[in-house]
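S.K.: need a 3D model of the sequence below.
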Amino acid sequence: MPIAKPPAGASNGELVRWTFAVINERDAAALRAVWTDATVERFPETTVRGADAMAAYFETLFAALPDLHMRVVAVAEDGEDVFVHWHLTGTHTGAPFQGIDATGRTVAIDGMDHFVIRDGTIATNFVVFDQMQFARQIGLLAPDGSRADRAMKAAFNAKTRLLARLRRR
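M.R.: Here you go, the predicted model:
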């Protein structure tokens, strides 16, 4: 059932919980209720500004992970600051995401958001999650400790030592 708008008189923490409920409905249009043209979201890979760009970001995310679900683990609220620990699950079966074609792999990652809520809208949000964990789960990076991972680290270390020697000359 779509969630049309945030509950009237909601606290900042309740507003953020509503936002996660709408994300789980994969309804970027409804999320516009908490974004303005001045909203800034800083994701690990990009910074997004304004309601139109925010909607486009989430539409791309929803298309890439059609079964995306974000479970709120914990919320801490202090005035206009709301901190959320979340757990995301989904399957990368849809459209490309961050330039990566669908892999068919499932993901399960933890992350945190720091929202600043002003006048019932999201002024800013800073999103943190382990990009290496995500990359390993979709197969972009080799599993930690695997033969391929050890070879990549060995090649990187050889390059680092070579560059250090060249700098000393």
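
S.K.: how about the strands in this structure?
M.R.: Ranges of strands in the chain, per DSSP state E, are 40-42, 47-49, 69-78, 81-91, 106-118, 121-129.

S.K.: compare those and give me the one nearest Tyr57.
M.R.: Of all those, strand 47-49 sits nearest to Tyr57, with 5.0 Å by CB to CB. All C-beta spots, glycine's among them, are computed from the backbone N, C-alpha and C.

S.K.: what comes up buried for stretch 47-66?
M.R.: Across stretch 47-66, burial judged by 16 or more other CB atoms under 10 Å covers Val48, Ala51, Ala53, Met54, Ala55, Phe58, Thr60, Leu61, Phe62, Ala64, Leu65.

S.K.: could I get the average pLDDT for the longest helix seen in the chain?
M.R.: Secondary structure assigned by DSSP state H gives helix 147-168 as the longest helix of the chain. Across helix 147-168, pLDDT averages out at 94.

S.K.: shaky segments in this structure?
M.R.: Residue ranges of the chain with pLDDT under 70: 1-4.
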